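Visitor: Fold the following.
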Amino acid sequence: MRAAWLILVWACGGKTAPAPPANVGRGDLPPKATVEDCEPRSSGWKPGNHDRVAFEDPKTNKHGYKDRAGNIVIPAIYHAVYEFSPHGLAGVVADVKAGSPFQFIDPSGKPLARAYAFDNGPDYFQEGYARIVDDAKRVGYIDEKGTITIAPKFVSAAPFCRGKAEVELDDGTFFIDKQGKKTTAPTPDTGATP
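Guide: Numbers count the residues shown, from 1 in each chain. Reported below is the predicted structural model:
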């Protein structure tokens, strides 16, 4: 999605391209509790949430965060950074030897979890959850506030849609709810609101 957006801007000859869909990449809006159409929401937040603004050190080409007064609050140690969400979570590209190079951090710079790699960046949030991975590349979930809600234990896991996600363990594939409990498959989306 991110690469497609850049290609669109390039193809338009540098002219302003149309905005992405309302539920993707709208960093100026607070996140919705649930996205009815199960579309992911990217991490394109406006700068300044939690008094943190991304910056690049021109000497090292590494990235970190400053406060609005210009003081460095998280040193430039990352290859790339995303702006903080209103909930206090940001994705960064760090030096990670195993698994995903993406991490979620809090406003103090504390790593919260390694982010599942998706679309050339940290996983998108969908229905308030993003996927995370551990050293064994097992998959779990983190919420928008930075709480690991389901510890990494799955061989693979899909994003949440209509309150459920398809996951795989060594012994099979099944659906879970947002508490990590086995459940039935979601009902097909008929376009009607409940």
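
Visitor: and the nearest residue to residue 139 once chain neighbours are set aside, what pLDDT?
Guide: Leaving aside its chain neighbours, residue 139 sits nearest to residue 157 (4.1 Å; criterion: Cβ to Cβ, 6 or more residues apart in numbering). Bear in mind the C-beta positions are built from the backbone N, C-alpha and C, glycine included. Confidence at residue 157, expressed as pLDDT, is 97.

Visitor: Would you mind measuring from residue 157 to residue 185?
Guide: Between residue 157 and residue 185 the computed distance is 15 Å (Cβ to Cβ, to the nearest Å).

Visitor: The two: which has the busier surroundings?
Guide: The neighbour count for residue 157 versus residue 185, taken as other Cβ atoms under 10 Å, is higher for residue 157 (24 against 10).

Visitor: from what I can see that one touches residue 164, true?
Guide: No: with contact defined as Cβ atoms under 8 Å, residue 157 does not reach residue 164; the gap is 11.4 Å.

Visitor: C-terminal to the lowest-mean-pLDDT helix or strand in the chain, what's the next element?
Guide: Lowest by mean pLDDT, DSSP states H and E among the helices and strands of the chain is helix 2-11, with a mean of 35. Counting by DSSP states H and E, the next helix or strand C-terminal to helix 2-11 is strand 53-56.

Visitor: Tell me which other helices or strands that next one touches.
Guide: Using 3 or more Cβ pairs under 8 Å, 6 or more residues apart in numbering; DSSP states H and E, the elements in contact with strand 53-56 are strand 63-66, strand 72-78.

Visitor: Can you pull out the low-pLDDT segments for the protein?
Guide: 1-37, 41-43, 96-99, 189-194 (pLDDT under 70).
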